[in-house]
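Trainee: Predicted model and sequence below, questions to follow.
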Amino acid sequence: MLHRLKSPKSPVNIQHQERLRPLDRAALVITTRVGTMSFFLVIFTWTAVWLLWNVLAPVSLRFDPAPAFVFWLFLSNMIQIFLMPLVMVGQNLQGAHSELRAEYDHETVTEMKSQLAAILAKLEALPELKGDKPATP
């Protein structure tokens, strides 16, 4: 009789989700959005519109004079200052999730190796059970 693989009590992804605190969840949501091409396009468009407006618009409508663009630099730096630690937190959380998956994979492979060894031992014993001589290489 073959032993069946034990199913995990809780899948690794669910286990990881259960360990996350609300702030961790928020960090993951933000970092997964920041790491997309859509976010890049939003930031690129915002920057292009801001700079073009303040260079090409009538002087009376410009609110951040060129070439300094002080307000744009301030806002850009604030975005960077807030996103850098969030991205690092998100990477740490994703790293912890990867470690959980690697641990689960290792346990699964180890269990499968022991079960394969048991199957091979039973297969090798089959000729002896039938009364046949084992084949010699």
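Mentor: Yep, it's here.

Trainee: which regions of this structure sit below the pLDDT cut-off?
Mentor: Residue ranges of the chain with pLDDT under 70: 1-10, 131-137.

Trainee: longest single helix anywhere in it?
Mentor: In the chain, assigned by DSSP state H, the helix with the most residues is helix 70-130.

Trainee: next one: that helix to chain centre, how far?
Mentor: In terms of C-alpha atoms, centre = their mean, to the nearest Å, the centre of helix 70-130 is found 9 Å from the chain centre.

Trainee: In terms of secondary structure, what does that helix contact?
Mentor: Packing partners of helix 70-130 (3 or more C-beta pairs under 8 Å, 6 or more residues apart in numbering; DSSP states H and E): helix 12-19, helix 22-34, helix 37-56. In this view, the C-beta of every residue, glycine as well, is placed from N, C-alpha and C.

Trainee: and the longest one with helix 22-34, angle?
Mentor: Just to be clear, that refers to helix 37-56. If you take axes from the mean of the first three to the mean of the last three C-alpha atoms, to 10 degrees, helix 37-56 sits at 70 degrees to helix 22-34.
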